[in-house]
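Asker: I would like to see how this sequence folds:
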Amino acid sequence: MWNRACPLCFAKVPRSLLLTRGDELVCPSCRTPLEISRPSRVVGALGGLIAADIAGHEMFFLSPMGRWVLPMTVAILAYGMVSAIVLFFLADLVVQPKPAAGHSRRAHE
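Answerer: Below you'll find the model as predicted:
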């Protein structure tokens, strides 16, 4: 983890591209389709869930009104922000797998 480099040509990928183009990420030098690795996504989601749990519980006990609206809103915002921050710093890239022969994304639509 923490590599942020293309696994084929070892060119560094800008951090901003990881967050803005995570699903259609392309290496800037060799144009290989890349994606964020599964362990990086799991760590990002885990960090977001932990932050959402802490923020929701803290807001539940600190908020005198709106006993469920405000904690839920804060938990959702904490999840989104922390998971993005974790991916921003700890993302590792892998080459996108090619679809199996005869299967395409459009065939299911």
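Asker: okay but Pro28 is in contact with Val13, surely?
Answerer: Yes - under the criterion of CB atoms under 8 Å, Pro28 makes contact with Val13 at 6.6 Å. Where you see a C-beta, it was placed from the backbone N, CA and C, and this is true even at glycine.
Asker: which one's more surrounded, these two?
Answerer: Val13 (20 against 13; other CB atoms under 10 Å).
Asker: residues contacting that one?
Answerer: Arg4, Ala5, Cys6, Leu25, Cys27, Pro28, Leu34, Leu93 (CB atoms under 8 Å, 6 or more residues apart in numbering).
Asker: show the buried residues in these.
Answerer: Arg4, Cys6, Leu25, Cys27, Leu34, Leu93 (16 or more other CB atoms under 10 Å).
Asker: of those, which belong to helices?
Answerer: Using DSSP state H, the subset of those located in helices is empty.
Asker: ok, the residues you listed vs Thr73, which is closest?
Answerer: Taking CB to CB as the measure, Thr73 sits nearest to Leu25 out of the buried ones among the contacts of Val13, at 30.2 Å.
Asker: so how far is Phe61 from the nearest residue to that closest one once chain neighbours are set aside?
Answerer: Closest residue in space to Leu25, ignoring its immediate chain neighbours: Leu34 at 4.6 Å, by CB to CB, 6 or more residues apart in numbering. Separation of Leu34 from Phe61 (CB to CB, to the nearest Å): 43 Å.
Asker: verify the stated contact: Cys27 with Leu8.
Answerer: Yes - contact status for Cys27 versus Leu8: in contact at 7.2 Å, counting by CB under 8 Å.
Asker: pLDDT weak spots in this protein?
Answerer: Residues of the chain meeting the criterion pLDDT under 70: 1-3, 65-66, 100-109.
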